[in-house]
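Q: This is the structure alone, sequence omitted:
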Ligand SMILES: [Zn+2]
């Protein structure tokens, strides 16, 4: 993902673009189109990379999550998975992971 400064650099490059052999020089609209094309390409690359990372992480979670049920002690800790110091309202990470995987169609792909 581009930072604000990187976006500004893309804009500055397109709007300072000058090639002596180019006649006529790019119009304002052509420069804007260039900025949009370049930023869109970067965003699409980011989305592809994030999708690949997400798929990898979901596969890892699926491998790591324990199929056993949670069972809680009188303090609210999950004895089934060893998360003994859960605070009120906190979920056992294994239960949270199962919820994440069950709600994600891609997780089973
Ligand atoms: Zn648990």
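A: Yep, it's here. Computed from a prediction, not measured in an experiment: that's the story for all the values here. Numbering: from 1, shown residues only.

Q: List the residues that contact residue 97.
A: By Cβ atoms under 8 Å, 6 or more residues apart in numbering, residue 97 lies in contact with 61, 64-65. To be clear about C-beta, it is placed using only N, CA and C from the backbone, and glycine gets the same treatment.

Q: and of those, the nearest to the ion?
A: Nearest to the ion among those is residue 65, at 9.8 Å by Cβ to the ion.

Q: Let me see the contact set for that closest one.
A: Contacts of residue 65 were listed using Cβ under 8 Å, 6+ apart, and they are 94, 97-98, 101.

Q: and what of residue 99?
A: residue 91.

Q: Kindly confirm my reading that it is in a strand.
A: No: Residue 99: not assigned to a strand; according to DSSP: H, G, I helix; E, B strand; the rest coil it is helix.

Q: Could you check how far it is from the ion?
A: Per Cβ to the ion, to the nearest Å, residue 99 is found 12 Å from the ion.

Q: how near is that residue to residue 26?
A: From residue 99 across to residue 26, the span is 52 Å (Cβ to Cβ, to the nearest Å).

Q: I'd like to know which of the contacts of residue 97 are part of helices.
A: Mapping the contacts of residue 97 onto helices (DSSP state H) picks out 61, 64.

Q: From the centroid of this protein, which residue is nearest?
A: Compute the mean C-alpha point of the chain, and by Cα atoms, centre = their mean the closest residue is residue 50, 4.4 Å away.

Q: Of the contacts of residue 65, which is the nearest to the ion?
A: Nearest member of the contacts of residue 65 to the ion, counting by Cβ to the ion, is residue 94, at 4.3 Å.

Q: and the closest one, what does it touch?
A: By Cβ under 8 Å, 6+ apart, the residues touching residue 94 are 65-66, 68, 70, 78, 80-81, 83.

Q: Please repeat the previous calculation with a cut-off of 7 Å.
A: 65-66, 70, 81 (Cβ atoms under 7 Å, 6 or more residues apart in numbering).

Q: Output these as TSV; include the columns pLDDT and distance to residue 14.
A: Below are the contacts of residue 94 laid out as TSV (pLDDT from 0 to 100; distance: Cβ to Cβ, whole Å):
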residue	pLDDT	distance to residue 14
65	97	47
66	97	53
70	96	55
81	97	54
